[in-house]
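Undergrad: give me the fold of what follows.
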Amino acid sequence: QLVESGGGLVQSGGSLRLSCEASGRTSNINGMGWFRQAPGLDRQFVASLGWNGGGEFYADSVKGRFTISRDNAKNTVYLQMNTLKPEDTAVYYCASVQRLPYLGSYRYTETSYDYWGQGTQVTVSS
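TA: From the prediction side, this is the model:
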C-alpha cells in the first residue's frame, strides 16, 4: 500500500514536499516513482529512483526544480518541489516497481509500475 501526503495550494515560485509511505511487502520494491495527471491530460512521469540504490531520473519539465529522495528506514519516498509553476498543477501519484528491475525505460514507463497511491492534489496559483 502506498499513501501520499503533502499536497496543497501554493503560489507560483513556492515549494512543497510530497511524501509517500509504503507498507506491506516493501522488500519486493525495486524502484519508486512519482507521476502526475492534470485535468484532461494523460498521466505523465515526473521522477523516480531505485529503492536500494540506482540513480534518480527526472522528466525534463521538472529537472533542476524537483528532487526525489528516499528514507528506507521509514519506507518513505519524497518529492521536493521548488520554483513551482502553474503548469505543475495536477494530482500527484506515487507508485512502485516490483515485478521488473529498475532499469532503462522501466524507470519512467507507467506500465512498469505495479502499485499506486490514491494521489494528492497540488495546485499552483499564478
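Undergrad: what about the residue most central in space within the chain, which SS state?
TA: Central residue of the chain (C-alpha atoms, centre = their mean): Trp34, 1.7 Å from the mean position. Under DSSP: H, G, I helix; E, B strand; the rest coil, the three-state class of Trp34 is strand.
Undergrad: what residues does it make contact with?
TA: 18, 20, 46-48, 68, 77, 79, 92-95 (C-beta atoms under 8 Å, 6 or more residues apart in numbering). In this view, the C-beta of every residue, glycine as well, is placed from N, C-alpha and C.
Undergrad: reformat these as a markdown table; add pLDDT.
TA: Converted to a markdown table, these look like this (pLDDT from 0 to 100):
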| residue | pLDDT |
| --- | --- |
| Leu18 | 98 |
| Cys20 | 98 |
| Val46 | 98 |
| Ala47 | 98 |
| Ser48 | 97 |
| Ile68 | 97 |
| Val77 | 97 |
| Leu79 | 98 |
| Tyr92 | 98 |
| Tyr93 | 98 |
| Cys94 | 98 |
| Ala95 | 97 |
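Undergrad: in helices only, show me these.
TA: Under the assignment DSSP state H, those contribute nothing to helices.
Undergrad: now those in JSON lines, with distance to Ser126?
TA: Shown next, in JSON lines, are the contacts of Trp34 (distance: C-beta to C-beta, whole Å):
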{"residue": "Leu18", "distance to Ser126": "21"}
{"residue": "Cys20", "distance to Ser126": "27"}
{"residue": "Val46", "distance to Ser126": "20"}
{"residue": "Ala47", "distance to Ser126": "23"}
{"residue": "Ser48", "distance to Ser126": "28"}
{"residue": "Ile68", "distance to Ser126": "25"}
{"residue": "Val77", "distance to Ser126": "29"}
{"residue": "Leu79", "distance to Ser126": "21"}
{"residue": "Tyr92", "distance to Ser126": "19"}
{"residue": "Tyr93", "distance to Ser126": "24"}
{"residue": "Cys94", "distance to Ser126": "26"}
{"residue": "Ala95", "distance to Ser126": "29"}
